[in-house]
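quick one, fold the following:
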Amino acid sequence: MPAPKTDIAVIRLNPNDNVVVAVTQLAAGTSVGAENIITADVIPFGHKVATSAIREGEPVRKYGQVIGVASADIAPGAHVHVHNLAFSDLREAAGVAPAFLRNDAVKTFQGFKRGDGRVATRNYVGILTSVNCSASVAKYIAQEVERSGLLADYPNVDGIVPIVHSGGCGMAGQGEGFDLLSRTLWGTAANPNFAAVLLVGLGCEVLQLAKFKQIYGLTESEHFQSFTIQDTGGTKRAIAEGVDKLKAMLPRANQAQRTPQPASELVIGLQCGASDGWSGVTANPALGNASDRIISMGGTVLLSETPEIYGAEHLLYARAESPELVEKLRARIEWWERYTALHEMEMNNNPSPGNKAGGLTTILEKSLGAVAKAGTSPLVDVIEYAEPVKKHGLVFMDSPGFDPCSATGQVASGATMIAFTTGRGSAYGCKPTPSIKLATNSELFKKMPDDMDVDCGTIALGQTTVEEKGAEIVDYMLSVASGQKSKSEELGYGDMEFVPWHIGAVM
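Residues are numbered from 1 along each chain as shown. All right, here's what the predicted structure looks like:
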């Protein structure tokens, strides 16, 4: 019986690759690729097939880059995955592209211009908590305002967002952990998408309100109010006090109006989570194209998740505007190597089980696909977690690879929108910053229609190009920035996704 053959069975991503990616699940004995390779095994959707013999110890290439070495001899047509592909420190300079900057006409969106000149995509009022002990009171205050119907009188206010977390006490009152948490808390509160913020403390915590206000030069105003539960007289009185303070703050917040603003005012946080073998083929390159378009209009995009650029950092080094930026990024990579070693881990502990089920084998493969979100633009800055963004263009923010934690840092750095690619189906949303979901494959888009905003799987099917999808993503970003609700916003996500990065001992 002749071997079955499909017209679009696999995709070769680079002429120098020795693997191709299955566009659909392939039966054993299927003829694929220009070489008419016969598959030796069942190849799951999104997984890799060897197109030539690869001897043990030889490099395996995808995207034109090394994604690991063969841990056993691999025959043409074999399934290439965790059983025969291992992590390697091998990096190659070949195929590393220099930075390229587009020149797109500037588009506009309907945004809220704040007094300091920054532009918001949403108009929320926040309730910030200094410690976990004030989390419930913050939630009760928000629930009481919403239950009372008070917000109906303020149509320009998108809602009340309690920012609750698990820290603020049982920690050192100085040092890296303290600085990181306080910077994240105030950076989030200072995000342009908040028109006003109420700060609620318990009273006896390590992160004292007086010290916090002193660090950031905060004074009571129509944009900022604070109190502690203990000084107010307990839970019920604190809830009433919080409601009264919000009643006083809401009229000013409601004065904000959407006006035409240039896309140069956007700050987009780039995320990928629950990735699969298509992430680096469809959604991430399409988001990279959209990122280049936003940057060419004068906007800013934030690439993060340092463990998920590991193995692809050389691609960013080649695009850095200065040697100093290369050294700054290299220092963060080295910090993570020390950090993981200290905790008896390794950088290749990532990908996750879900990533591997979706076709990703090594951190090198995952990172090469993840960096595609950043397009081709020059790298203009490298910043710490939750450090304020100061430059327009492509900025790298150091963060863990845990998506909610990384996105929390991006929002604290000033991101006014999150663009999130996913192949397995991440359920994530954010407040005060809207998050849009980009599905890497059309099956996911059909399977989770209430969660996915854009179908990038059409690229793999040959129905659209990366360039066309990038333009579509930008147009969708501008619509959401102008007030259209993203899918995660329609579902009400965002109240539980504030996850600061905790470093240091819990005491």
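
mind listing what's buried in stretch 160-168?
Of the residues in stretch 160-168, 160, 161, 162, 163, 164, 165, 167, 168 count as buried by neighbour count, 16 or more other C-beta atoms under 10 Å. From N, CA and C alone the C-beta is placed, and that goes for glycine too.

centre of the chain to the helix-or-strand element of the chain with minimal mean pLDDT, how far?
Ranked by mean pLDDT, DSSP states H and E, the weakest helix or strand in the chain is helix 353-357, scoring a mean of 85. Distance of helix 353-357 from the chain centroid (C-alpha atoms, centre = their mean, to the nearest Å) equals 18 Å.

which outside residues touch that helix?
Helix 353-357 has contacts (C-beta atoms under 8 Å, 6 or more residues apart in numbering) with 81, 82, 274, 275, 276, 366, 424.

residues contacting the fifth one?
If I follow you right, that is residue 276. Applying C-beta under 8 Å, 6+ apart to residue 276 gives the contacts 46, 355, 357, 358, 359, 360, 423, 424, 440, 441.

paired strands for the strand ranked longest in the chain, with orientation please.
The residue-count maximum for a strand in the chain (DSSP state E) belongs to strand 194-201. Take DSSP bridges as the rule and strand 194-201 pairs in its sheet with strand 124-129 (parallel), strand 224-228 (parallel).

and it, average pLDDT?
Per-region confidence: strand 194-201 scores 98 on mean pLDDT.

endpoints of stretch 297-312, how far apart?
26 Å (C-alpha to C-alpha, to the nearest Å).

tell me the buried residues in it?
Buried residues in stretch 297-312, counted by 16+ other C-beta under 10 Å: 297, 299-312.

residue 244: which of the residues you listed is nearest?
residue 302 (36.8 Å; C-beta to C-beta).

for that closest one, give its distance to residue 409.
In this view, residue 302 and residue 409 are 9 Å apart by C-beta to C-beta, to the nearest Å.

what do you get for residue 32?
Separation of residue 32 from residue 409 (C-beta to C-beta): 42 Å.

for those two, indicate the residue with more neighbours.
Taking residue 32 and residue 409 together and counting by other C-beta atoms under 10 Å, residue 409 has the greater number of neighbours (31 against 25).

following the strand or helix carrying the more buried one, which helix or strand comes up?
Take DSSP states H and E as the rule and residue 409 turns out to sit in helix 403-413. Of the helices and strands lying after helix 403-413 in sequence (DSSP H and E), the nearest is strand 417-422.

helix or strand: which one has the most centrally placed residue in the chain?
Central residue of the chain (C-alpha atoms, centre = their mean): residue 271, 2.2 Å from the mean position. Per DSSP H and E: residue 271 is located in strand 267-272.

what about the strands in the stretch 201-350 of the chain?
Under the criterion DSSP state E, counting those that start in this stretch, the stretch 201-350 of the chain contains strands at 224-228, 258-262, 267-272, 300-303.

actually the stretch 1-150 of the chain, sorry about that
Ranges of strands within the stretch 1-150 of the chain are 10-11, 19-22, 31-32, 37-38, 48-50, 59-62, 65-70, 79-80, 85-86, 108-113, 119-120, 124-129, based on DSSP E, counting those that start in this stretch.

looking at the ones you listed, which is closest to residue 504?
Among those, the nearest to residue 504 by C-beta to C-beta is strand 124-129 (19.0 Å).

circling back: need the contact list for the residue nearest to the centre of the chain.
304, 305, 403, 406, 407, 410, 418, 419, 420, 421, 428, 435.

so can I have JSON lines of the strands of the stretch 1-150 of the chain showing distance to residue 483 and mean pLDDT?
Below are those laid out as JSON lines (distance: least, C-beta to C-beta, whole Å; pLDDT from 0 to 100):
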{"stretch": "strand 10-11", "distance to residue 483": "37", "mean pLDDT": "88"}
{"stretch": "strand 19-22", "distance to residue 483": "38", "mean pLDDT": "92"}
{"stretch": "strand 31-32", "distance to residue 483": "46", "mean pLDDT": "88"}
{"stretch": "strand 37-38", "distance to residue 483": "51", "mean pLDDT": "91"}
{"stretch": "strand 48-50", "distance to residue 483": "42", "mean pLDDT": "94"}
{"stretch": "strand 59-62", "distance to residue 483": "40", "mean pLDDT": "93"}
{"stretch": "strand 65-70", "distance to residue 483": "40", "mean pLDDT": "92"}
{"stretch": "strand 79-80", "distance to residue 483": "46", "mean pLDDT": "96"}
{"stretch": "strand 85-86", "distance to residue 483": "46", "mean pLDDT": "94"}
{"stretch": "strand 108-113", "distance to residue 483": "6", "mean pLDDT": "98"}
{"stretch": "strand 119-120", "distance to residue 483": "11", "mean pLDDT": "98"}
{"stretch": "strand 124-129", "distance to residue 483": "13", "mean pLDDT": "98"}
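
looking at the ones you listed, which is nearest to residue 446?
strand 19-22 (18.6 Å).

name the surrounding residues that touch the closest one.
By C-beta under 8 Å, 6+ apart, the surrounding residues in contact with strand 19-22 are 9-13, 32-33, 43-51, 60-62, 80, 277-278, 281, 359.

list only buried entries from those residues.
The buried subset of the contacts of strand 19-22 (16+ other C-beta under 10 Å) comprises 9-13, 32-33, 43-51, 60-62, 80, 277-278, 281, 359.

ok so, going back, reformat the strands of the stretch 201-350 of the chain as CSV; add distance to residue 478 and mean pLDDT.
CSV is the format used below for these (distance: least, C-beta to C-beta, whole Å; pLDDT from 0 to 100):
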stretch, distance to residue 478, mean pLDDT
strand 224-228, 30, 97
strand 258-262, 10, 98
strand 267-272, 11, 97
strand 300-303, 14, 98
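
closest to residue 76 out of those?
Checking the strands of the stretch 201-350 of the chain against residue 76 by C-beta to C-beta gives strand 267-272 as the closest, at 30.9 Å.

and the closest residue to the residue nearest to the centre of the chain other than its chain neighbours, what pLDDT?
Closest residue to residue 271 apart from its sequence neighbours, by C-beta to C-beta, 6 or more residues apart in numbering: residue 420 at 4.3 Å. Per-residue pLDDT puts residue 420 at 98.

perfect, I'm done here.
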